[in-house]
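Peer 1: curious how this folds, go ahead:
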Amino acid sequence: MKRGTLVYDPQTRKVGEYQARLGPYALLRPVGGGREWEADPARIRAATPEERLSAGVRAANERSTGRRVFRYVPYSIVQDASAQPEYEARCVSGDDEDCGARSGPCAHPTEVEEWQRQHTQETRHTRYRRSFADYAVLERQE
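Peer 2: Model (predicted):
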């Protein structure tokens, strides 16, 4: 394929100018300029006259108005129900340096509190750094 040939990429549903072959990909640039993208060379095809015209008109409109369309898609961040959160504590008491004893990952904060009580009884240490970790997912709001 020759550099500058207008091709249609069905994966992105865009017309682009063929630039070069880059490893297993074809490198395409938007009509009128812009950021290049990689496409599967086996799937791209020569753009139809209608697709070339449409891409040219779109590029001319963007040049003349200087406007671009940005789409906002709202998401919510929620705790992943399929993964359990973890609680942990580390003893940071000590005369010269931190004790460093750890509770290890626990499934519930009461397990960490019980470990702290036992460690305090054994060592008289009273200062702990507690950690909470969970998994979050972004859910698209409709």
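Peer 1: show me the shaky parts of the protein.
Peer 2: 66-71 (pLDDT under 70).
Peer 1: strands of that one, start to end?
Peer 2: Using DSSP state E, the strands found in the chain span residues 6-9, 14-22, 25-30, 37-39, 45-46, 75-79, 86-91, 128-133, 136-140.
Peer 1: adding mean neighbour count and distance to residue 110, write those out as CSV.
Peer 2: To be clear about C-beta, it is placed using only N, CA and C from the backbone, and glycine gets the same treatment. Formatted as CSV, the strands of the chain follow (neighbours: other Cβ atoms under 10 Å; distance: least, Cβ to Cβ, whole Å):
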stretch, mean neighbour count, distance to residue 110
strand 6-9, 20, 55
strand 14-22, 17, 55
strand 25-30, 18, 53
strand 37-39, 17, 51
strand 45-46, 12, 62
strand 75-79, 10, 19
strand 86-91, 19, 9
strand 128-133, 13, 12
strand 136-140, 10, 23
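Peer 1: touching, residue 10 and residue 42? I think so.
Peer 2: No - taking contacts as Cβ atoms under 8 Å, residue 10 lies outside contact range of residue 42: 10.8 Å.
Peer 1: show me what contacts the closest residue to residue 35 other than its chain neighbours?
Peer 2: Once flanking residues are discounted, residue 35 sits nearest to residue 29: 7.9 Å by Cβ to Cβ, 6 or more residues apart in numbering. Going by Cβ atoms under 8 Å, 6 or more residues apart in numbering, residue 29 touches 16-17, 19, 35-36.
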